[in-house]
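>>> for reference, the sequence and a predicted model appear below.
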Amino acid sequence: MSEQAKAPRKRPARTDKIREQDRKRQQAAEERKRERAMSLGMREIKGEIYKGTSDCLEALVAATGAEEIEVLVNMAHRMRELLDRDPVAFAALTDHKPLPEVWHG
């Protein structure tokens with residue numbers, strides 16, 4: 001006995017009423033998302049980076065498997081922890097001079 005192929009289930013026609021309900025539901029979801037972001041203090045940071053910085057960021061993303069923003073946020077939090085724990089090491093990392101030889105071991 002061969003199996004009969006099931007006919008695809010037909011969706012009901014989308015009426016204007018259904019479209020309006022969908023639009024309102026989507027607007028409400030977007031508003032909840034905006035309100036949550038505002039309550040958490042969300043802000044956007046925009047800027048430009050160039051090839052050297054972009055290459056560094058790509059290498060970090062590849063090494064961690066995280067997204068760019070996750071890498072940057074994690075680095076910011078780790079740098080803050082380092083600032084609190086070891087201000088001398090923080091100063092060495094954030095200085096534009098080459099890192100001390102002992103760090104290149």
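Everything's here; your move.
>>> top helix in the chain by residue count?
helix 16-39 (DSSP state H).
>>> for that helix, give me every contacting residue.
Under the contact criterion CB atoms under 8 Å, 6 or more residues apart in numbering, helix 16-39 has no outside partners. No exception for glycine: its C-beta is placed from N, CA and C like everyone else's.
>>> distance from it to the middle of the chain?
Centre-to-centre, helix 16-39 and its host chain are 22 Å apart (CA atoms, centre = their mean, to the nearest Å).
>>> report the rounded mean pLDDT for that helix.
Averaged across helix 16-39, the pLDDT comes to 95.
>>> for the protein, name the helix or strand with the lowest mean pLDDT.
Ranked by mean pLDDT, DSSP states H and E, the helix or strand of the chain with the weakest confidence is helix 87-94, at a mean of 90.
>>> just the CA coordinates of it, formatted as PDB?
Extracted in PDB, the C-alpha atoms of helix 87-94 (Å, rounded to 0.1, in the frame of the first residue of the first chain):
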ATOM      1  CA  PRO A  87      45.000  50.300  38.400                       C
ATOM      2  CA  VAL A  88      48.600  49.900  37.300                       C
ATOM      3  CA  ALA A  89      47.800  47.000  35.000                       C
ATOM      4  CA  PHE A  90      44.800  49.000  33.700                       C
ATOM      5  CA  ALA A  91      47.100  52.000  33.000                       C
ATOM      6  CA  ALA A  92      49.500  49.800  31.100                       C
ATOM      7  CA  LEU A  93      46.800  48.400  28.900                       C
ATOM      8  CA  THR A  94      45.200  51.700  28.200                       C
END
